[in-house]
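Novice: Pasting the sequence and the predicted model now:
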Amino acid sequence: MLQTSKKNRVLTSLADLLRQNRAQIIEANLRDMADYPEMDEAMKDRLKVDEKKIDGMIRSLTQVASLNDPEGKTLYTFTREDGLQIENRTVPFGTILIIYESRPDVTIEAAATAFKAGNRILLKGGKESYHTNSFLTQLWQQALEKTGIDTHYVQYLHLTREETQRLIKENTHHVDLIIPRGGENLIRFIQENTTIPTIISGRGNNFLYIDKNCDFEMAIRIILNGKKRISVCNALDKVLIDENLPNIQERINQLVSALKSNEIEVLGNSSVCALDEEIVEVNNEKVLYEEFLAPKIFLSLVPDITEAIRLINTYSGKHSATIVTNEFSQATHFMHEVDCAAVYHNASTRFTDGGEFGLGAKIAISTQKLHFRGPIGAEQLVTNKWFVYGNGHVRE
């Protein structure tokens with residue numbers, strides 16, 4: 001069991017190394033960017049590392065170092081009449097494999113979260129971020145070595161596609177938990193081909209519902225914020241509008257104008273298109289399932305909150321959903337009935353993030369209900385173990 005002080009020294013040392021090697025990190029990232037000139041805007045946004053992203057990595061390391069250590073907490077104690085002492089404590093999962101696409105910041109932030117919980121980490125990034133990930137892993141190794149900790153605690157796997165698939169299928173590296181960070185194809189392959197426990201960081205496709213009694217200016221601000229970044233899983237993709245909203249045509253015109261001013265393509269079904277000719281009509285049900293990862297948004301009218309909840313529970317990625325309303329009772333009903341990891345009242349879905357929720361860095365946003373749901377921080381990257389102390393006790 002690693003001492004908390006040693007864990008924190010590794011994290012603060014790594015933060016210092018990031019500060020000292022800014023130019024080299026950006027240089028490595030520029031090599032990756034140059035190797036894939038045809039990538040789309042969403043991938044480019046995920047892959048790019050600039051001063052702001054490095055600052056974010058440093059901030060995450062500092063926050064994780066300041067958090068309480070989740071390892072070794074006593075959850076339950078019981079002493080039997082015969083003196084047998086029983087304790088239940090938190091322990092690390094063991095070895096966590098993080099498989100991810102494009103995002104070099106995962107190499108720092110996700111690994112730091114797992115490390116703080118006492119886990120060993122195997123990193124397998126995409127080939128598009130090879131140079132950046134390799135350099136960041138070298139900094140990890142330096143921070144570990146400087147603190148006198150086995151450098152095998154954080155390793156980067158230089159595996160071919162075939163070797164990676166064999167690892168997933170046969171557990172060639174004795175992995176205790178897999179956390180995939182990537183597209184639906186990656187997640188589906190892992191789910192269908194491994195017996196290793198997995199925490200699924202699923203797709204976004206987040207919804208917002210505009211109630212008939214709301215601050216519409218607030219709704220517009222929240223919607224625009226939801227599209228501020230297109231490559232992230234907490235981005236907003238769908239807006240459901242109560243058809244009983246007062247002055248509905250004028251307000252939809254106002255919303256569409258604001259979206260188009262921000263270069264966001266506006267799609268909608270026939271009912272909403274009848275109210276604004278600038279909306280591109282799409283009546284295919286498939287669009288409701290789609291996570292856009294692009295500067296576009298889909299609008300639809302709904303008769304009431306019941307239908308809004310039904311649509312969200314049917315089509316969303318079960319990630320995040322928000323309601324804009326002046327009625328607290330409506331918000332309460334919405335938040336209890338919507339089946340998403342994070343539900344909001346009068347706030348942007350973009351807050352679904354470990355750092356924003358006070359967890360420091362996050363390793364993923366889980367859209368499943370076991371082992372944990374929502375942003376996964378260090379507190380969620382432990383399991384439990386029973387410690388029983390006796391003195392020749394036998395069960396009669």
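Specialist: Nice, thanks for sending it over.
Novice: Which parts of the chain belong to which domain?
Specialist: For the chain, automatic domain parsing gives the domain ranges 4-200+368-389, 206-351.
Novice: for the ones you listed, which one sits closest to F357?
Specialist: Closest of the domains of the chain to F357 is domain 4-200+368-389, at 5.3 Å (criterion: Cβ to Cβ). In this view, the C-beta of every residue, glycine as well, is placed from N, C-alpha and C.
Novice: and the end-to-end length of the closest one?
Specialist: The first residue of domain 4-200+368-389 is 25 Å away from its last residue (Cα to Cα, to the nearest Å).
Novice: That domain: how far from the chain's middle?
Specialist: Computed by Cα atoms, centre = their mean, to the nearest Å, the chain-centroid distance of domain 4-200+368-389 equals 13 Å.
Novice: Could you pull up the mean pLDDT of it?
Specialist: The average pLDDT within domain 4-200+368-389 is 95.
Novice: ok, the residue nearest to Y209 when sequence neighbours are not counted - how many residues close by?
Specialist: Spatial nearest neighbour of Y209, chain neighbours left out: A308 (4.2 Å); criterion: Cβ to Cβ, 6 or more residues apart in numbering. Look at A308: counted by other Cβ atoms under 10 Å, it has 25 neighbours.
Novice: Count the neighbours of T147 for me.
Specialist: For T147, the neighbour count with other Cβ under 10 Å is 18.
Novice: again, but for the one 10 residues further on
Specialist: Neighbourhood size, L157 [other Cβ under 10 Å]: 16.
Novice: Quick check: the closest residue to it other than its chain neighbours vs K146, distance?
Specialist: Among residues not flanking L157 along the chain, K124 sits closest, at 4.6 Å (Cβ to Cβ, 6+ apart). Distance of K124 to K146, computed by Cβ to Cβ, to the nearest Å: 25 Å.
Novice: More neighbours: which of the two?
Specialist: Applying other Cβ under 10 Å to K124 and K146 shows that K124 carries more neighbours, namely 21 against 14.
Novice: Can you pull the phi/psi pair for S270?
Specialist: Taking degrees, to the nearest 10, you get phi -60, psi -40 for the backbone angles of S270.
Novice: Hmm, it is touching I279, no?
Specialist: No: with contacts counted by Cβ atoms under 8 Å, S270 stays clear of I279, the gap being 9.9 Å.
Novice: So between these two, which is more surrounded?
Specialist: I279 (24 against 12).
Novice: residues contacting the nearest residue to that one once chain neighbours are set aside?
Specialist: Leaving out its chain neighbours, the residue that sits closest to I279 by Cβ to Cβ, 6+ apart is G268, at 4.2 Å. The contact partners of G268, by Cβ atoms under 8 Å, 6 or more residues apart in numbering, come to 276, 279-282, 298-300.
Novice: Filter those residues down to the buried ones, ChimeraX style.
Specialist: A single ChimeraX command is used to select the members of the contacts of G268 judged buried by 16 or more other Cβ atoms under 10 Å:
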select :276,279,282,298,299,300
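Novice: Can you lay out the contacts of G268 as TSV showing pLDDT, distance to T62 and secondary structure?
Specialist: Below are the contacts of G268 laid out as TSV (pLDDT from 0 to 100; distance: Cβ to Cβ, whole Å; DSSP: H, G, I helix; E, B strand; the rest coil):
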residue	pLDDT	distance to T62	secondary structure
D276	96	46	coil
I279	97	45	coil
V280	97	45	strand
E281	97	49	strand
V282	97	45	coil
F298	98	39	strand
L299	98	40	strand
S300	98	42	strand
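Novice: can you give me the helices in the stretch 1-150 of the chain?
Specialist: With DSSP state H, counting those that start in this stretch, the ranges of helices along the stretch 1-150 of the chain come out as 4-20, 22-35, 41-47, 51-66, 105-116, 130-146.
Novice: Only the buried residues of the last one, if you could.
Specialist: Buried positions in helix 130-146, judged by neighbour count with 16+ other Cβ under 10 Å: 130-137, 139-141, 143-144.
Novice: next one: stretch 64-79
Specialist: Residues of stretch 64-79 classed as buried by neighbour count (16+ other Cβ under 10 Å): 64-65, 67, 69-71.
Novice: Next: stretch 301-317.
Specialist: Buried positions in stretch 301-317, judged by neighbour count with 16+ other Cβ under 10 Å: 301-302, 305, 307-309, 311-312, 315-317.
Novice: so which of the domains of the chain gets nearest G358?
Specialist: Here domain 4-200+368-389 is closest among the domains of the chain (Cβ to Cβ), at 8.4 Å.
Novice: quick one: the strands in the stretch 201-350 of the chain?
Specialist: Remark: strands assigned in the stretch 201-350 of the chain by DSSP state E, counting those that start in this stretch are 206-210, 236-242, 265-268, 280-281, 296-302, 320-324, 342-345.
Novice: Packing partners of the second one?
Specialist: Packing contacts for strand 236-242, counted by 3 or more Cβ pairs under 8 Å, 6 or more residues apart in numbering; DSSP states H and E, involve strand 206-210, helix 216-226, helix 248-261, strand 296-302, helix 305-315.
Novice: Just put these in a markdown table and tack on distance to K52.
Specialist: Supplementary listing: the helices and strands packed on strand 236-242 in a markdown table, determined by distance: least, Cβ to Cβ, whole Å:
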| stretch | distance to K52 |
| --- | --- |
| strand 206-210 | 23 |
| helix 216-226 | 17 |
| helix 248-261 | 24 |
| strand 296-302 | 25 |
| helix 305-315 | 32 |
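Novice: In the stretch 201-350 of the chain, where is pLDDT below threshold?
Specialist: The stretch 201-350 of the chain contains no residues with pLDDT under 70.
Novice: sorry, back to before: please identify which of the helices and strands packed on strand 236-242 is closest to K362.
Specialist: Within the helices and strands packed on strand 236-242, the stretch nearest K362 is strand 206-210; the backing value is 16.4 Å (Cβ to Cβ).
Novice: so what strands line up beside the closest one?
Specialist: Taking DSSP bridges as the criterion, strand 206-210 forms sheet pairs with strand 236-242 (parallel), strand 320-324 (parallel).
Novice: Pick the most deeply packed of the ones you listed.
Specialist: When these are scored by mean count of other Cβ atoms under 10 Å, the highest mean neighbour count falls to strand 320-324 (a mean of 30).
Novice: now the angle between helix 216-226 and it, please.
Specialist: When axes from the mean of the first three to the mean of the last three Cα atoms, to 10 degrees is applied, the directions of strand 320-324 and helix 216-226 differ by 160 degrees.
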